[in-house]
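>>> coordinates only, sequence not included:
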Ligand code: FES
C-alpha cells in the first residue's frame, strides 16, 4: 500500500495502532504537539493543545466523535477540529491519518518539527 503525497505535508509514522488506547489519546513528540485518537476503530490526528488555555487534549475524554478537554470541558470534533462546546471558540488543526500494516501514519505540515 502506498501513501499519497499531500502538498505542504509529509507523512510520518506516528505509532503502532495498538499503542493508542481505544477512546483515549496518544500525544506525539512533535512541535507543536499532535495527538492520535482512536474511537470505534477510526483513527484521528489533531493538534494536541486545547485552543482555550494550552492544555493537552490527549489527556481528555473521547466519546461520540469528540474529545473533551479535562481542564475546562471544552469539546472538539475529532473529524473537523471545530469547537463543539465553550469555553473554546477556536478550532484545533486536524491532520490526515492512514493505517498501514498496523502502523499509524500522519501527514503533518512541513513546518511541524519531529524527532527523527
Ligand atoms: S484549557 Fe481546554 S477548555 Fe480550558
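In hand now; what should we look at? Because the structure is predicted, anything quoted here is derived from the model rather than measured. Numbering: from 1, shown residues only.
>>> what residue ranges in this structure score low on pLDDT?
Across the chain, the ranges flagged by pLDDT under 70 are 1-3, 116.
>>> For the protein, just list every one of the strands.
9-16, 25-28, 34-39, 42-47, 61-63, 66-68, 75-77, 83-85, 94-95, 97-100, 103-109 (DSSP state E).
>>> Quick check: buried residues in the fourth one?
Read that as strand 42-47. 43-47 (16 or more other C-beta atoms under 10 Å). C-betas here are computed from N, CA, C, even on glycine.
>>> How far off centre is that strand?
Computed by C-alpha atoms, centre = their mean, to the nearest Å, the chain-centroid distance of strand 42-47 equals 4 Å.
>>> Next: the first one.
Average the C-alpha atoms of strand 9-16, do the same for its chain, and the two points are 12 Å apart (C-alpha atoms, centre = their mean).
>>> Kindly report the residues of this structure close to the ligand.
50, 52-53, 55, 69, 71-72, 74, 87-88 (C-beta under 6 Å from any ligand atom).
>>> Can you give me the end-to-end span of stretch 24-37?
6 Å (C-alpha to C-alpha, to the nearest Å).
>>> What number of residues are in the vicinity of residue 8?
10 (other C-beta atoms under 10 Å).
>>> quick one: contacts for residue 109?
Residue 109 is in contact with 8-9, 93, 95, counting by C-beta atoms under 8 Å, 6 or more residues apart in numbering.
>>> try 7 Å this time
8-9 (C-beta atoms under 7 Å, 6 or more residues apart in numbering).
>>> could you measure it against the ligand, distance?
22 Å (C-beta to the nearest ligand atom, to the nearest Å).
>>> Then residue 100?
For residue 100 relative to the ligand (C-beta to the nearest ligand atom), the value is 32 Å.
>>> List the beta-bridge partners for that residue.
Residue 100 forms beta bridges with residue 103, as assigned by DSSP bridges.
>>> residue contacts, the residue lying closest to residue 69 once chain neighbours are set aside?
Leaving out its chain neighbours, the residue that sits closest to residue 69 by C-beta to C-beta, 6 or more residues apart in numbering is residue 50, at 4.4 Å. Shown in contact with residue 50 (C-beta under 7 Å, 6+ apart): 57, 69, 71, 74, 88.
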